[in-house]
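1. give me a 3D structure for the following:
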Amino acid sequence: HITLEEVAESATENDFIKKTIVISLTPVDSKETFTTLSGTIINDNGNAVMADKIELFKEGTTTAVKTITKSASFTFTINNEDEGKYKIKATKGTKDIITEGYTVPNCGNQIITIVFESDKPAELKDVVYNLTFKAFDIDTKVEISGVTFNFNGNPGSTASSIAHGTYTLTATADKYYTGQVTIELPAMKNESGIAAQTIIVYLQKEPTKEDEPTKVILMGEVVDALGNMVMAQSIKLNDPSTAVYNTNHFSFEIEIPANKAKASNLKQWLITAKVSKINSKGEPLAPIEMPVTFVYDPAKGTTAINKNISIPFTANKDGIIVINETTEPGDGEQGQVTPDVDPETGKVEAEKTTVMNGNGTPEDKTVIVIEKGTTIQTSEGT
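-> All right, here's what the predicted structure looks like:
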């Protein structure tokens, strides 16, 4: 706005007054302006989560404007001339989370937190077992036809919805001795609540000669505290026999001379599984040695004895025993006490002292003493 003051009339023609007009101009800032949308990816515990992909979408389009991969944070800068509503999509595995819309440039710079819910374990159910029974010739390992099975007093070649516990399966076939196995079904949980098992009974053909020996099969699996199979470094029988290595099951065949097989006294064997274990750091610890006693009773005629070796720890999903130092009870002492027992009375004939093996100092070792005259019973109470 310019103001010119009034002046007196000049007597001279073409008389002018010269003035200089100065106009101050403010230059326009030529720089572009931007809006920033930035933030982090976390779970509902507040821990950072590495997203597989973080994408910026403009409303009305299906193609990402910008993409970031393998990151727990993001920064998207948008030119304010690209007006519109923008959304951010974070992807982790099969899960997608899409934010609300942010209108550029009106929304201004935003700091955004995207939260993924933590994965929750599936609900585990108490397992019931569906069992199938088969019988094989102990010598040829060929399946026998025409076998009659009796499971815990109930006939049939299958059994369904059986709860955990200890059961007896008997198998009879023409020209074979009656076979019997004790089945231990451990208490365990899984997502379906159902586990299927095939129980095999090995039958011995009736001998054609009086002096034919009896063959006994000692078999089973190495399992953890939940009943899951665990790989053992070695499984050894205390009778002269070749050990088996790097396996989770075993089957030892033993021949008993005819005169001993018909004797009334019991015969016992000790099978020991050695299982490796590690600590929570993945460092190897002293292996676990877990023994189990197998008993042959001529009066029962059982020639196939099935018993699992149970390790008192839980294996991880890879079948490895991992010991958590903060929860492992005591020094993890273990041992086997095998006293001399009178087979007729079941009484210990001489005092037996055994020092348990563990991680403690010698003065902390547990000592087990079984006094002379102590009565020893089997799990069947005999």
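2. can you list the low-confidence ranges for the chain?
-> 1-31, 119, 208-212, 239-241, 259-266, 325-335, 352-353, 355-367, 369, 377-382 (pLDDT under 70).
3. quick check: domain ranges of it?
-> 34-116, 125-336, 337-382 (automatic domain parsing).
4. adding mean neighbour count, write these out as a markdown table.
-> Where you see a C-beta, it was placed from the backbone N, CA and C, and this is true even at glycine. As requested, the domains of the chain are exported to a markdown table (neighbours: other CB atoms under 10 Å):
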| stretch | mean neighbour count |
| --- | --- |
| domain 34-116 | 15 |
| domain 125-336 | 16 |
| domain 337-382 | 12 |
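5. all helices for the stretch 101-250 of the chain, in order.
-> With helices called from DSSP state H, counting those that start in this stretch, the stretch 101-250 of the chain shows none.
6. name the residues that touch stretch 82-96?
-> 37, 39, 41, 49-60, 64-65, 74, 76, 78, 97-105, 112, 114, 116 (CB atoms under 8 Å, 6 or more residues apart in numbering).
7. residue closest to the middle of the chain?
-> residue 317 (2.8 Å; CA atoms, centre = their mean).
8. surely it is in a helix?
-> No - counting by DSSP: H, G, I helix; E, B strand; the rest coil, residue 317 is located in no helix; its state is coil.
9. distance check, it against residue 120.
-> Distance, residue 317 to residue 120, using CB to CB, to the nearest Å: 17 Å.
10. check residue 80 too.
-> Relative to residue 120, and taking CB to CB, residue 80 is found at 42 Å.
11. how near is residue 154 to residue 197?
-> Taking CB to CB, one finds residue 154 at 16 Å from residue 197.
12. now stretch 102-111: how far from the chain's centre is it?
-> 47 Å (CA atoms, centre = their mean, to the nearest Å).
13. what does it contact?
-> With CB under 8 Å, 6+ apart as the contact definition, stretch 102-111 has outside contacts at 33, 35-39, 78, 80, 82-87.
14. at 10 Å what do you get?
-> Contacts to stretch 102-111, defined as CB atoms under 10 Å, 6 or more residues apart in numbering, come from residues 33-40, 56, 58-59, 75-88, 99, 101, 112.
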